[in-house]
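Novice: give me a model of this one.
(one chain, ligands or ions: 1)
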Amino acid sequence: MNKQLVEFQDYVVKAKKIVALVGAGLSVSSGLPTFRGSQGLWKNFNMIDLATPDAFYIDPGLVWQFYSWRRYGALKAKPNKGHYALSKLSQYQDIEYITITQNVDGLSSRSNHKKDNLYEIHGSLFELKCTSFMCNYVERDNFHNPLTEALRDTEYEFDKQNRKRSLDTGDEDVTVSPQFTPVKQLAESDLPQCPVCKDGSLLRPGVVWFGESLPLQLLTRIDNFIESGNSVDLILVIGTSGTVYPANSYVDRIKLKGGKVAIFNTDIEPEILQGKVENTWGFKGDAAELLPLALK
Ligand code: BJW
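Specialist: I've put the predicted structure just below:
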């Protein structure tokens, strides 16, 4: 067995306080695409056109097609072995543990992960909220899809791409990330409307876009976990490029207080793999395969 893995497993069984920071790479083997990189969602679309409040203001039909397509994909996907490995960690009584996920696909929550130590810091595809400043309407766990008849075509588009992918690869398993393609121009009347506002305000996805604040309550609970009591022994950094603030700041915060870092990613710097970066282990490959092995 690899020396880093033996060392890591020795350490993890003794660790008393653990954080997992999760990104899109964890859901790749469930068939969902990442954002960045050659197979990523931002390959054909600029994130500024899809994941900002301005984007929604300029073309809510385009943004809703993107999120409707993502909802459909996430509903068809199943949690993988990596999600279940973290879910198992969340159940242990004798350690302090939290999962901080940037993913909005709901797969961690569907893997029997304990609810009170799972923090979905970028929100959820299955939450809807009113865009009016005067209205606090929020709908949680809305798994209905499509949300309007006009958004149904995004489902056909997802299925069409998947059929093409299985023909291309000769394999039913999803191996290539799908790419979002908008189907048509949609009017505001085609999109989900707030049921309580009298002025026909639009509902929007309950995700955190660029330039928006993350849910303050969650950030405070995470800060309390990291700053109070015993210091964190270990942060597992799983399938994330670590490019987005504030999620990426947790690694350095924990490292500065003496915690160790274990990275699970298909793309890892050679120095880390060679064990040359202090207090950092690197495990290169599919997180869904590596996590159950490393955490067993
Ligand atoms: C595998 C694998 C396999 C593949 N196994 N691994 C300048 C201007 C304006 C704003 C900023 C600025 N500078 C900083 C900011 C702040 C900004 C930010 O960080 N920008 C950076 C891009 C520079 N952050 C914000 O705006 C946040 N809010 C905030 O900070 O408020 C205060 C503030 C406001 C304004 C200015 C300053 C401060 C909000 C961030 C919200 C991010 N939202 C998104 C989209 C919405 C949700 C959605 O649609 O899903 O969240 S962006 C997108 O990136 C998504 C993800 O959660 C997030 C992280 O991506 P992730 O998960 O890391 O995916 P990838 O694709 O990047 O990486 C995948 C990794 O997996 C890769 O490493 C692969 O190698 C690996 N991999 N297969 C293991 N099988």
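Novice: got the residues of the stretch 101-250 of the chain near the ligand?
Specialist: Residues of the stretch 101-250 of the chain lying near the ligand by CB under 6 Å from any ligand atom: 102, 104, 122, 207-214, 239-241, 243-246. Just so you know, the C-beta spots here come from the backbone N, C-alpha and C atoms, and that holds for glycine as well.
Novice: contacts only, for the residue positioned nearest the centre of the chain.
Specialist: The centre of the chain sits closest to Asn103, judged by CA atoms, centre = their mean, with a distance of 1.2 Å. By CB atoms under 8 Å, 6 or more residues apart in numbering, the contact set of Asn103 is Val22, Gly23, Ala24, Leu26, Ser27, Glu120, His122.
Novice: got JSON lines for the residues you listed, with pLDDT too?
Specialist: Formatted as JSON lines, those follow (pLDDT from 0 to 100):
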{"residue": "Val22", "pLDDT": "98"}
{"residue": "Gly23", "pLDDT": "98"}
{"residue": "Ala24", "pLDDT": "97"}
{"residue": "Leu26", "pLDDT": "98"}
{"residue": "Ser27", "pLDDT": "97"}
{"residue": "Glu120", "pLDDT": "98"}
{"residue": "His122", "pLDDT": "98"}
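Novice: most surrounded residue in the residues you listed?
Specialist: Leu26 (32 neighbours; other CB atoms under 10 Å).
Novice: residue contacts, that residue?
Specialist: Asn80, Gly82, His83, Thr101, Asn103, Leu107, Ile238, Gly239, Ala287, Ala288.
Novice: quick check: chain neighbours aside, which residue is closest to it?
Specialist: Gly239 (4.2 Å; CB to CB, 6 or more residues apart in numbering).
Novice: mind listing what the one you found touches?
Specialist: 22-28, 34, 82, 264-266, 287.
Novice: now do Ile48
Specialist: Asp54, Ala55, Phe210.
Novice: can you rerun that using 7 Å?
Specialist: With contacts taken as CB atoms under 7 Å, 6 or more residues apart in numbering, Ile48 has the following neighbours: Ala55.
Novice: neighbours of the closest residue to His113 other than its chain neighbours, just the number please.
Specialist: In space, and not counting its chain neighbours, His113 is closest to Ser87: 4.2 Å by CB to CB, 6+ apart. Ser87 has 19 neighbouring residues, counting by other CB under 10 Å.
Novice: surely Ser87 touches Ser111?
Specialist: Yes - counting by CB atoms under 7 Å, Ser87 touches Ser111, with 4.3 Å between them.
Novice: and Thr52, how far from the ligand?
Specialist: 9 Å (CB to the nearest ligand atom, to the nearest Å).
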